[in-house]
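Q: A predicted structure for the sequence below; I have some questions about it.
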Amino acid sequence: MTLSLAVPDILVARARTGDEEALEALYRAFEGPVYNLARRMLRNAEDAEDVLQDTFLEVVKSIRQYRGEGHLWGWIRQITVSKALMRIRREHVRAADELQDETTGKAGPAGAVGAGIDLERAFEDLSETSRAVVWLHDVEGYTHEEIAEQMGKTVSFSKSQLARAHARLRRKLGGEGSVNG
Amino acid sequence: MMHCTMEDLLALRAGEGSVWARKHSATCAECQAELDALYQRVAQLKAMPSLRPARDRWPAVREAVRADKRQQRRVMAGWGSLAAAAVLATLFVVQPLGNGAPTELAALDTIKQRSASIESRLTGSQLGNRVMSGWEAALAAELEDRIAVIDGQLETRTGTLAAPRSAEMDLWRRRVDLMEQLYTVRRAAYQGM
């Protein structure tokens, strides 16, 4: 997901000093992207909210160490991915996967709404490991090497998870064709 | 007919497809359609709506921030107490080795001046040259011995600066007292002539 979340340097500087207003401003600026990323990786909304909270606790704790190298969102995203993967590894997620309690932000392209809903459901049915790999690779732009490192797995694992997930999505979406595997 | 696998299609999408996959997909309409579908699927994934949390988690984060600040203040207060204790220790232990409190110094100077004054009277006058009786001489000798002991203790104190200021004051008071007794004895001997 491409984001252009520009945060004034002065806000980051204030947040570094523990300024509560600045920290809340950072939270408000990034709560949506952080939650969305966590929610796409995890099947359960409450777990995603926990990741949101854990991520910002880490941000508050570590913002003094953030040196301003690279985009702030890149730093926060890395924390979010790490927290979400940790949660997947711990297998603390539950089976419930309803989305009805969630509010949605911007809608997708009008012509793709129907297909988007189908894809949403198909995506929800994927295992958490698969959806994490799909989301990180196809949406967030992570390489297989980066995913493998984050997950503590091999590059082959990441590639095979992605292939299996896409094959499943294709079947769920009623794709017919001659693709093997 | 052999078609591309999903791994082949994903590799083609990433520009890393094998020679065979590239050649095949270029000529196979079905595999080309699958590749197109893959591109569309990824585009749809990217276009999925942004989800937002149902609950506001900021209050919980804020409370953690405040708790952390309280903890930091407690730690700082702990260090502050230690620092204050160190300062007090400096005042009560180190400073007396040097200058001491002003009131204590003034009192000590006063008593030293008194001691010097009596000593000056003893040495500056003719009292010391007078012949004394035996008991007067013995008493004077004893007083002088006791003064010498105190002088020795005062000299020793100069090397051991950690002794309390009150002990030094006590020594000087005793010295002044003995000097006055000595002055009285010699004066009596002088007047008795």
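A: All right, it came through fine. Numbering: from 1, shown residues only, chains lettered A, B, ... in the order given.
Q: Show me where the chain has its helices.
A: This is for chain A. A:9-16, A:20-41, A:45-62, A:72-90, A:113-124, A:128-134, A:144-151, A:155-172 (DSSP state H).
Q: ah, I was thinking of chain B
A: B:6-13, B:19-27, B:29-46, B:58-89, B:95-97, B:102-124, B:134-159, B:165-191.
Q: Tell me which of these sits nearest to residue A:55.
A: Nearest to residue A:55, of all these, is helix B:58-89, at 9.4 Å by CB to CB. The C-beta positions use only the backbone N, C-alpha and C, and glycine is treated the same way.
Q: By mean pLDDT, which helix or strand of chain B comes out lowest?
A: helix B:95-97 (a mean of 54; mean pLDDT, DSSP states H and E).
Q: Look up the closest residue to the residue most central in space within chain A, ignoring the ones flanking it.
A: Central residue of chain A (CA atoms, centre = their mean): residue A:37, 2.1 Å from the mean position. Nearest residue to residue A:37, sequence neighbours excluded (CB to CB, 6 or more residues apart in numbering or on different chains): residue A:80, at 5.2 Å.
Q: Is stretch A:81-93 in proximity to chain B?
A: No. Against chain B, stretch A:81-93 shows no contacts by CB under 8 Å from any CB of the partner chain, the least distance being 12.8 Å.
Q: and that stretch, average pLDDT?
A: When pLDDT is averaged along stretch A:81-93, the result is 83.
Q: That stretch: how far from the chain's middle?
A: Relative to its chain's centre, stretch A:81-93 lies at 12 Å (CA atoms, centre = their mean, to the nearest Å).
Q: List the buried residues in it.
A: A:81, A:83-85, A:87-88, A:93 (16 or more other CB atoms under 10 Å in any protein chain shown).
Q: Contacts for it, please.
A: By CB atoms under 8 Å, 6 or more residues apart in numbering or on different chains, the residues outside stretch A:81-93 that reach it are A:37-38, A:41-44, A:47-48, A:50-51, A:54-55, A:58, A:128-129, A:132, A:136, A:140, A:150-151.
Q: In PyMOL, select just the buried ones from those residues.
A: Only the buried entries of the contacts of stretch A:81-93 go into this PyMOL selection, using 16+ other CB under 10 Å:
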select buried, chain A and resi 37+38+41+42+43+44+47+48+50+51+54+55+128+129+132+136+140+150+151
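Q: Could you list the low-confidence segments of the chain?
A: Looking at chain A here, since you left the chain open. A:1-5, A:91-117, A:175-181 (pLDDT under 70).
Q: You answered for a different chain; I wanted chain B.
A: Using pLDDT under 70, the flagged stretches of chain B are B:92-101, B:124-133, B:157-164, B:190-193.
Q: what residues does it put near chain A?
A: Counting by CB under 8 Å from any CB, chain B sits next to chain A at B:1-7, B:9-10, B:28, B:30-31, B:33-34, B:37-38, B:41-42, B:44-55, B:57-58, B:60-62, B:64-66, B:68-69.
Q: does residue A:134 really touch residue A:163, like I thought?
A: No. Using CB atoms under 8 Å, residue A:134 makes no contact with residue A:163, being 10.3 Å away.
Q: Pick out whichever of those two has more residues nearby.
A: residue A:134 (25 against 19; other CB atoms under 10 Å in any protein chain shown).
Q: now the residue nearest to the more buried one when sequence neighbours are not counted: how far from residue A:61?
A: Leaving aside its sequence neighbours, residue A:134 sits nearest to residue A:165 (CB to CB, 6+ apart; 4.8 Å). With distances taken as CB to CB, to the nearest Å, residue A:165 is found 34 Å from residue A:61.
Q: When these two are compared, which one has more neighbours?
A: More neighbours surround residue A:165 than the other of residue A:165 and residue A:61, with 24 against 12 (other CB under 10 Å).
Q: contacting residues for that one?
A: With CB under 8 Å, 6+ apart, residue A:165 has these contacts: A:126, A:130-131, A:133-134.
Q: Was I right to think residue A:40 contacts residue B:51?
A: Yes. Contact status for residue A:40 versus residue B:51: in contact at 7.5 Å, counting by CB under 8 Å.
Q: Settle it for me: which of these two has more neighbours?
A: Neighbours were tallied for residue A:40 and for residue B:51 using other CB under 10 Å; the higher tally belongs to residue A:40 (24 against 21).
Q: separation between the residue positioned nearest the centre of chain B and residue B:73?
A: Nearest residue to the geometric centre of chain B (CA atoms, centre = their mean): residue B:83, 4.3 Å. Remark: distance between residue B:83 and residue B:73 (CB to CB) = 15 Å.
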